[in-house]
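Novice: sequence first, then the predicted structure, then my questions.
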Amino acid sequence: MTSAVFPGSFDPFTVGHRYIVERAAARFDSLVVTVVVNPNKHGLFAVDERIALIREECADLPNVRVDRWTGLLVDYLRNENIDTIVKGLRSGTDFDYEVPMAQMNRDLTDVETMFLLTDPRYAHVSSSLVKEVAKLGGDVVPFLSPHIHERLQAILAGERQI
């Protein structure tokens, strides 16, 4: 059985993330969308809320599950007996950032990284940019699923609940 991990902070999970999940899920028997937790960072969405939203977003993909991890990603892969990381690339800038990490991960544990190019429609979409635009009152509807957009609006309006 082939398995892979698609890691990220997913704060929030965008249509670009969903695109990569769909493509990776079609190539592996099992895909784990892993919310990687950095204890030094506090996202707009709480980690548990991100996980719940991603689970809802990917409920139609039977071979996709959602998990969390704090620490080195390669340790997660070792614990789960997975040997492939999936990373979405929007541009050459993403490639330049991701290649050294992929090489380090391979050197540390023989884990391979598969790069998937996003659809050009999503090449400019990032969680950070979506949050910035939304905070300034811009329309981010095209970049988020309806339920994630609804939660983003609620958080920006001051609600903090799952």
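Specialist: Everything's here; your move. Every value quoted in this text rests on a predicted model; they were computed, and no experiment measured them.

Novice: quick one: the strands in the chain, in order.
Specialist: 3-8, 30-37, 64-70, 84-89, 112-117 (DSSP state E).

Novice: ok, for Gly16, nearest residue in space, not its chain neighbours?
Specialist: Spatially, and ignoring its direct neighbours in sequence, Gly16 is nearest to Tyr122 (3.7 Å; CB to CB, 6 or more residues apart in numbering). C-beta coordinates here come from the backbone N, C-alpha and C atoms, glycine included.

Novice: wait, what's in contact with the one you found?
Specialist: Going by CB atoms under 8 Å, 6 or more residues apart in numbering, Tyr122 touches 14-16, 19, 90, 143.

Novice: give me the pLDDT value at it.
Specialist: pLDDT for Tyr122: 95.

Novice: and the closest residue to Phe6 other than its chain neighbours, how many residues sit next to it?
Specialist: In space, and not counting its chain neighbours, Phe6 is closest to Val86: 4.5 Å by CB to CB, 6+ apart. Neighbours of Val86 under the rule other CB atoms under 10 Å: 23.

Novice: one more: His124?
Specialist: Neighbours around His124, by other CB under 10 Å: 12.

Novice: same deal with Pro146?
Specialist: 8.

Novice: how far away is it from Thr34?
Specialist: 24 Å (CB to CB, to the nearest Å).

Novice: remind me, longest helix of the chain?
Specialist: Ranked by number of residues, the top helix in the chain under DSSP state H is helix 92-109.

Novice: in that one, what counts as buried?
Specialist: Neighbour counts over helix 92-109 (16 or more other CB atoms under 10 Å) mark 94, 98, 102, 105 as buried.

Novice: which residues touch the first one?
Specialist: For Asp94, the contacting residues are 87-88, by CB under 8 Å, 6+ apart.

Novice: related to what we said a few turns ago, between the contacts of Tyr122, identify the one with the most neighbours.
Specialist: Of the contacts of Tyr122, with other CB under 10 Å as the count, Thr14 tops at 25 neighbours.
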